[in-house]
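Colleague: heads up, no residue letters with this:
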């Protein structure tokens, strides 16, 4: 069995064929799916999908690009839903910052404020975090070190920064997706063997980051198989062993 721990099934690109997408995944052994709460505008869609499909779960949170949309009181209505398993996708993303230093400082300050609140909320409700880190490893590490609770979480689309490996001791896991199959993923390929096996998770980030050999097409959870194949190739584990250990890790972290 495979668990896709990060797939945006609430994205409009699945509106016409979500049932087929789920069926494709199940035929490839994917039995559980987590929809991260990145955009409050599509959260209701994620909730509806989880209620309609036994293996679909969701998280509540706001992506750093949408930090200005964050309102904990609005999201709180969903936190006790039986299919809500995490807080996030939250974090810091410094890839697209404004041009002026004054505006850069304001943007970073806003992202940090919203990220800290979601970290503290996760600690309050005893749910793991789904963390987005892009060109912000140092700040993310500092905030997680200072504020994160024992529930830990997952570093979504782990960016291969070795400094983040120390978070495994704080119950953080590492989401491995299609990037591992890219020809230019040398840094991640080199760091991958250093990740503790009991902290590995499989994800797609569908519809984004489609793995080889389907790059350029819409990603979907059935493609986790290509990720598992590459993980097996880079380790001393068979593909079945990768599936077994990553599934056990996901069940432990998200308390399925």
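Modeller: Nice, thanks for sending it over. All values derive from a computational prediction rather than experimental measurement. Residues are numbered from 1 along each chain as shown.

Colleague: For the longest strand along the chain, name the packing helices and strands.
Modeller: Counting by DSSP state E, the longest strand found in the chain is strand 84-93. Secondary-structure packing of strand 84-93 (3 or more CB pairs under 8 Å, 6 or more residues apart in numbering; DSSP states H and E): strand 56-60, helix 101-125, strand 129-134, helix 137-147, strand 153-156. C-beta coordinates here come from the backbone N, C-alpha and C atoms, glycine included.

Colleague: got the angle between the fourth one and strand 129-134?
Modeller: An angle of 160 degrees separates the directions of helix 137-147 and strand 129-134 when computed by axes from the mean of the first three to the mean of the last three CA atoms, to 10 degrees.

Colleague: Would you mind listing the outside residues contacting helix 137-147?
Modeller: With contact meaning CB atoms under 8 Å, 6 or more residues apart in numbering, helix 137-147 is reached by 91-92, 94, 108, 112, 115-116, 119-120, 123, 131, 133, 159, 161, 163-164, 166-167, 170, 172.

Colleague: Need the buried ones from these selected in ChimeraX.
Modeller: In ChimeraX syntax, the buried subset of those is picked out as below (16 or more other CB atoms under 10 Å):
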select :91,92,94,108,112,115,119,123,131,133,159,161,164,167,172
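
Colleague: low-scoring stretches of the stretch 101-250 of the chain, by residue?
Modeller: Scanning the stretch 101-250 of the chain for pLDDT under 70 picks out nothing.

Colleague: I'd like the distance between residue 56 and residue 40.
Modeller: Computed as CB to CB, to the nearest Å, the residue 56 to residue 40 distance reads 19 Å.

Colleague: ah, wrong one, I meant residue 53
Modeller: According to CB to CB, residue 53 stands 21 Å off from residue 40.

Colleague: I appreciate the help and will end here.
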